[in-house]
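Trainee: Below are the sequence and a predicted model for it; my questions follow.
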Amino acid sequence: MVTRYAQFLLLLCLLAGVNANARGLPEFTELIENNSSAVVKINAVSPGQVTERSIPPRLQRELPDIFRHLLEPYSREQRRPVASMGSGFIISSDGYVVTNNHVVDGADDVTVTLTDRQEYTAKVIGTDLRSDLALLKINAEHLPSVRWGDSDEVKVGEWVLAIGSPFGLDYSASAGIVSAMGRSIPNESQNDYVPFIQTDVAINPGNSGGPLFNLDGKVIGINSQIYTRSGGSIGLSFAIPSNLAQSVVDQLKEKGRVDRGWLGVGIQGVDRKLAIAMGLKKPRGALVSQVEAGAPAAEAGIQVGDVITRFNNKTIDQSSDLPHMVGQIEPGEEVNVVLIRDKRQKKLQVRIGSLPSNGDEQASNNTMSTDIGGRLGLVVEELPERLKQRWNLDSGVLVSQVVPGKPGANSGLRNGDAIAQLGFETIESTEDYNKIVKELPAGELLPVRFFRNGQPIFRTIEIDKE
């Protein structure tokens, strides 16, 4: 009898333990109910790439010359629209929406769909390539919105939840934990200004731009990238921290562009042997491998071979920490820098400069006047000496704005490209550019040579007949 009673007590204890563990697991239903209505689905359509229709070689050989002109229309270039899909979230009741830049990049038609199936045509307020963020605006009021959280307080191991539209499946939720903080992942342009939050949340194509919530129902990240070999989630996803995103969004809303701090150094990591050689107790910091002439670093006295160990009162454990820190400093602000030179510690004051534009920012795609940019739909400015030296150019003009649907956009030109040749004329200056554009014939395919990130590219451009 005693034995059975003891077994009964043991069973009760086990059940109580199971219930206690169950109560310890996160409960997401209320979080989803309170926030899913502020998550949106985004569909974007861009003009796409130019493809050429060619006449079959056999037909070209066998067709009499007298009939060849009949096939000329079929050998012209054509452009096929490209559709992309992603997620986003409403940050204010008057219709401001945050998503990824790569979801709407180059699009001339952006549609935002709410949970109640209402669709709105969105205006692109601004985009930022370096952080992969975009700010949209829809014409609606009294909308549900999310609350921002503090990404600096996020800890590895805490529970997080994502809501989005993976593979087009509307408003799907997935949960997991934070796997790591401050991951450095350069983008396609080798920019590295985002200390990503790594999670094991199931993020798939279509989740891009969607929110990552903490258990308080606040957005602490924007889902942006995944690592995969299959095209789907394998438990490695990366989100843009909310604190960085808020700064970017505020600047896009205020001025349509993002100003970042600039130091003007090339850096590399410090391994064990370098640490010994530099007089460091352990491998840490950012080793300066290059200092740009006239840059803030040069003016402050930073030299090649210095190891920067602290910046703005924050420790630099890995070299990738430095770009993240510098980019978030307001241009013109003075900060403390601690470095190791000749095995001795040295302290400097650096006045941070403004990171030169890389053509990342894009103004609204709906409010541009058709008169902007002239015949080509391009706003250009003098090519900075900095880019001339970096790209080894003697002349040219820098594209600062591209009007969608105009010849410049149709030929594939982007903000930040340096135009060196139009037609068969070399571009020496903006004055030269304006004169040449005015004289370009309409209705003819003309060569345009430009540089993108230092790489020369030839395309064709055509001005429509009036």
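Mentor: Now that the structure is in, tell me what you want to look at. This is a predicted model, so every value here is computed, not measured. Residues are numbered from 1 along each chain as shown.

Trainee: you'd agree residue 275 is in a strand?
Mentor: No: when DSSP: H, G, I helix; E, B strand; the rest coil is applied, residue 275 is found to be helix, with no strand at that position.

Trainee: Closest to the mean position in the protein, which residue would that be?
Mentor: Closest residue to the average C-alpha location of the chain: residue 132 at 1.5 Å, with C-alpha atoms, centre = their mean.

Trainee: I'd like the distance between that one and residue 193.
Mentor: The gap separating residue 132 from residue 193 is 10 Å, by C-beta to C-beta, to the nearest Å. C-beta here means a position set from N, CA and C on the backbone, and glycine is covered the same way.

Trainee: try residue 356
Mentor: Residue 356 is 13 Å from residue 193, by C-beta to C-beta.

Trainee: So for these two, which sits in the more crowded spot?
Mentor: More neighbours surround residue 193 than the other of residue 356 and residue 193, with 24 against 13 (other C-beta atoms under 10 Å).

Trainee: Quick check: that one touching residue 327?
Mentor: Yes: between residue 193 and residue 327 a contact is recorded at 4.1 Å, counting by C-beta atoms under 8 Å.

Trainee: intersection of neighbour lists for those two?
Mentor: 130, 260 (C-beta atoms under 8 Å, 6 or more residues apart in numbering).

Trainee: burial count for the closest residue to the residue nearest to the centre of the chain other than its chain neighbours?
Mentor: In space, residue 132 comes closest to residue 101 once its chain neighbours are excluded; the distance is 4.8 Å by C-beta to C-beta, 6 or more residues apart in numbering. Neighbours of residue 101 under the rule other C-beta under 10 Å: 25.

Trainee: partners of the strand or helix carrying residue 197, with directions?
Mentor: In the assignment (DSSP states H and E), residue 197 maps to strand 195-199. Sheet pairing here is set by DSSP bridges, and for strand 195-199 it gives strand 172-184 (antiparallel), strand 237-241 (antiparallel).

Trainee: Specify the stretch among those strands that is closest to residue 137.
Mentor: Comparing the strands paired with strand 195-199 against residue 137 with C-beta to C-beta, the closest turns out to be strand 237-241 (19.8 Å).

Trainee: pLDDT averaged over the closest one - what is it?
Mentor: Mean pLDDT, computed over strand 237-241, is 93.

Trainee: One more: stretch 356-374?
Mentor: 47.

Trainee: just the strands paired with strand 195-199: most buried one?
Mentor: Counting by mean count of other C-beta atoms under 10 Å, strand 237-241 has the highest mean neighbour count of the strands paired with strand 195-199, with a mean of 26.

Trainee: Following that strand in sequence, what is the next regular element?
Mentor: Next element after strand 237-241 (DSSP H and E): helix 242-255.

Trainee: ok, now which ones touch residue 149?
Mentor: The neighbourhood of residue 149, defined by C-beta under 8 Å, 6+ apart, consists of 213, 214, 216, 218, 219, 220, 242.

Trainee: Could you rerun that using 6 Å?
Mentor: Counting by C-beta atoms under 6 Å, 6 or more residues apart in numbering, residue 149 touches 214, 218, 219, 220, 242.

Trainee: Filter these down to the ones in strands?
Mentor: Residues of the contacts of residue 149 located in strands (DSSP state E): 218, 219, 220.

Trainee: In PyMOL, how would I select just the buried ones from those?
Mentor: Selecting only the buried entries of the ones in strands among the contacts of residue 149 in PyMOL, with 16 or more other C-beta atoms under 10 Å as the criterion:
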select buried, resi 218+219+220
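
Trainee: Can you add distance to residue 276 and pLDDT and give the ones in strands among the contacts of residue 149 back as a markdown table?
Mentor: Rendered in a markdown table, the data for the ones in strands among the contacts of residue 149 read as follows (distance: C-beta to C-beta, whole Å; pLDDT from 0 to 100):
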| residue | distance to residue 276 | pLDDT |
| --- | --- | --- |
| 218 | 44 | 96 |
| 219 | 44 | 96 |
| 220 | 39 | 96 |
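
Trainee: Closest one to residue 271 out of the ones in strands among the contacts of residue 149, please.
Mentor: residue 220 (32.6 Å).

Trainee: Surely residue 197 and residue 239 touch.
Mentor: Yes: Residue 197 sits in contact with residue 239 when judged by C-beta atoms under 6 Å, with a separation of 4.5 Å.

Trainee: Can you check which residues contact both of the two?
Mentor: Contacts common to residue 197 and residue 239, judged by C-beta under 6 Å, 6+ apart, are residue 221.

Trainee: Show me the shaky parts of the stretch 151-300 of the chain.
Mentor: Scanning the stretch 151-300 of the chain for pLDDT under 70 picks out 186-191, 228-231.

Trainee: What pLDDT does the model give the residue nearest to residue 132?
Mentor: 92.

Trainee: got the residue ranges for the helices in this protein?
Mentor: With DSSP state H applied, the chain shows helices at 2-24, 29-35, 57-62, 101-104, 242-255, 272-278, 296-300, 321-327, 385-391, 407-410, 430-439, listed in chain order.
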